[in-house]
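Engineer: what follows is a predicted protein model with its sequence.
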2 protein chains.
Amino acid sequence: MTHISRKTIARVFLYIRTLDTLIRQKRNLISSKELARIVGVTDAQIRKDISNFARIGRPGIGYNTQELKDTLEEFVLQHNCVKLVLFGVGNLGTAILQYPGFQKNKIKIIAAFEKKEEKIGSVINGVRVYAAKDAPRIIAQKKADIGIIAVPERASQEVADMLVLSGLKGIVNFAPTTIAVPRNVMVKDIDFSIEFLSLFCNACM
Amino acid sequence: MTHISRKTIARVFLYIRTLDTLIRQKRNLISSKELARIVGVTDAQIRKDISNFARIGRPGIGYNTQELKDTLEEFVLQHNCVKLVLFGVGNLGTAILQYPGFQKNKIKIIAAFEKKEEKIGSVINGVRVYAAKDAPRIIAQKKADIGIIAVPERASQEVADMLVLSGLKGIVNFAPTTIAVPRNVMVKDIDFSIEFLSLFCNACM
DNA sequence: TCATATTTGTGAAATTTGTAACGAATGAAA
DNA sequence: TTTCATTCGTTACAAATTTCACAAATATGA
């Protein structure tokens, strides 16, 4: 199979999310045109994205929602569940722990880590909070996939270094600073300030 | 001035963030090469981005950090402060209200709105929580720029409709669903599930 | 002064990404 | 059966974005 770009994969998850809703509404069929209208891309884009994975559309008819969803999920997730570890149980960390939008069979937060003594040992929404120093052991033991950095800016590089040493291959960084990692580790930065500011800038120009 | 793309603007804010740090460290000069290394892009990219706005680099020397930061900020913000309104004072909404990373002179949350009676009237981190029905009036009165949707999925479209009617030109949507808005309203979707899943997918392929 | 080492700004080339268009497949209706 | 309206999958095209590469500018040191 040819290489699939990061942008395509993000769109595929959008399609899956929408198909989920359609399936719950008992919709069996959908055309690229209508799916495009819902998710806000062009129909050609949808067909092209899907054609990376399969040929399951029927001309004149469209796609079977369940079949399409299953096919896309098979390719992007391969029946895996993503195992996350969270660093920093402050306001944002707690919000992530209690986020109701995770589909439990696809995303699971397996441990949280925190420096502050008073939070260690507590359980938030079913997730235990450990001391930061125990992280490498627990990450290896439970075979985590992705680390979430929700600690203050000054601690973010230190946490990132530890995540890399623990063998994680992906990091989502909510701290408002660039973290340095080896080329083979993927980082997704989410800086609320930059999201708000750049949207404002786009909306005004 | 020629049109500046969304991606370029997001990078410019990254540069500004990094320059801020350098200035605090009393660094006066920086080359495109070193800035590139810090933020993780190529030096050519940096020079090209900057050249959209000004010609203030000196060959053989580099850029003056303060001058570069001021110039970039002048173009992307024009001395404005972004005024945000927040919808939904749940876990995520509260985390955003208490987020310590906003530079107060650039970003200000001017009001929060919530349906649940018990939260209305409270003040969180200096921001007052109003009843959702008062939103249009307050948005118009205080001239808000951007709306943040941090309500449950089922209420997100309703809130989006109201934001559009209130005249906002930008929406950051944290609800895990696509919202329908007129073409002239800019939307930035941040779906935690999709961010985590697609990073996982990228890291594994 | 002159050679050398940096580093910018920019036009051209390369790459990536998205769009358009069309043949082929399908079903519905006359 | 034939026609018509849909819709897919794919190829060719267009647009956007990034990288390359080099002249020009600057500083340094012999």
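Structural biologist: Perfect, I can see it now.
Engineer: hey, let's count contacts and neighbours off CA atoms from now on
Structural biologist: OK.
Engineer: list the contacts for the residue located most distally from the centre of chain A?
Structural biologist: Relative to the centre of chain A, and counting by CA atoms, centre = their mean, the farthest-placed residue is A:Gly60 at 34.3 Å. By CA atoms under 8 Å, 6 or more residues apart in numbering or on different chains, A:Gly60 lies in contact with nothing.
Engineer: list the contacts of the strand of greatest length in chain A.
Structural biologist: Counting residues, the longest strand found in chain A (DSSP state E) is strand A:107-114. With contact meaning CA under 8 Å, 6+ apart, strand A:107-114 is reached by A:81-89, A:97, A:102, A:120, A:127-132, A:135, A:142, A:144, B:193, B:197.
Engineer: mind redoing it with 6 Å?
Structural biologist: Contact with strand A:107-114 is made by A:81-89, A:127-132, as judged by CA atoms under 6 Å, 6 or more residues apart in numbering or on different chains.
Engineer: could I get the pLDDT score of the residue of chain A found nearest DNA strand C?
Structural biologist: Going by CA to the nearest atom of the strand, DNA strand C is nearest to A:Gly60 of chain A, at 3.8 Å. At A:Gly60, the model reports a pLDDT of 97.
Engineer: that's a helix at it, yeah?
Structural biologist: No. The assignment for A:Gly60, made by DSSP: H, G, I helix; E, B strand; the rest coil, is coil rather than a helix.
Engineer: give me the secondary structure label for the residue lying closest to A:Lys119 once chain neighbours are set aside.
Structural biologist: Nearest non-adjacent residue to A:Lys119, counting by CA to CA, 6 or more residues apart in numbering or on different chains: A:Val129, 6.9 Å away. Per three-state DSSP, the secondary structure class of A:Val129 is strand.
Engineer: any idea what A:Val129 is bridged to?
Structural biologist: A:Ala112 (DSSP bridges).
Engineer: test my guess that it contacts A:Glu117.
Structural biologist: No. Counting by CA atoms under 6 Å, A:Val129 does not reach A:Glu117; the two are 10.2 Å apart.
Engineer: so those two - more neighbours on which side?
Structural biologist: Taking other CA atoms under 10 Å in any protein chain shown, A:Val129 and A:Glu117 do not tie; A:Val129 has more neighbours (22 against 10).
Engineer: what's near enough to touch the more buried one?
Structural biologist: A:Ala112, A:Phe113, A:Ile120, A:Gly121, A:Ser122.
Engineer: pLDDT score for the closest residue in space to the last one that isn't next to it in sequence?
Structural biologist: If the residues on either side of it in the chain are set aside, A:Ser122 comes closest to A:Val129, at 5.6 Å by CA to CA, 6+ apart. For A:Val129, the pLDDT comes out at 98.
Engineer: hmm, stretch A:13-33 touching DNA strand D?
Structural biologist: Yes. Counting by CA under 7 Å from any atom of the strand, contacts between stretch A:13-33 and DNA strand D involve A:Ile30, A:Ser31, A:Ser32, A:Lys33.
Engineer: report the contact partners of the nearest residue to the third one once chain neighbours are set aside.
Structural biologist: So the one you mean is A:Ser32. If the residues on either side of it in the chain are set aside, A:Ser32 comes closest to A:Asp43, at 5.1 Å by CA to CA, 6+ apart. The contact partners of A:Asp43, by CA under 6 Å, 6+ apart, come to A:Ser32, A:Lys33, A:Ala36.
Engineer: wait, what's in contact with the second one?
Structural biologist: Going by CA under 6 Å, 6+ apart, A:Lys33 touches A:Asp43.
Engineer: let me know the secondary structure of it.
Structural biologist: From three-state DSSP, the assignment for A:Lys33 is helix.
Engineer: how much space separates the residue farthest from the centre of chain A from A:Ala95?
Structural biologist: To A:Ala95, A:Gly60 is 45 Å away according to CA to CA, to the nearest Å.
Engineer: buried sites along the longest helix anywhere in chain A?
Structural biologist: The residue-count maximum for a helix in chain A (DSSP state H) belongs to helix A:6-24. Buried residues in helix A:6-24, defined by neighbour count with 16 or more other CA atoms under 10 Å in any protein chain shown: A:8-20, A:22.
Engineer: same for DNA strand C: which of these are within range?
Structural biologist: The residues of the buried residues of helix A:6-24 that also fall near DNA strand C, by CA under 7 Å from any atom of the strand, are A:Thr8.
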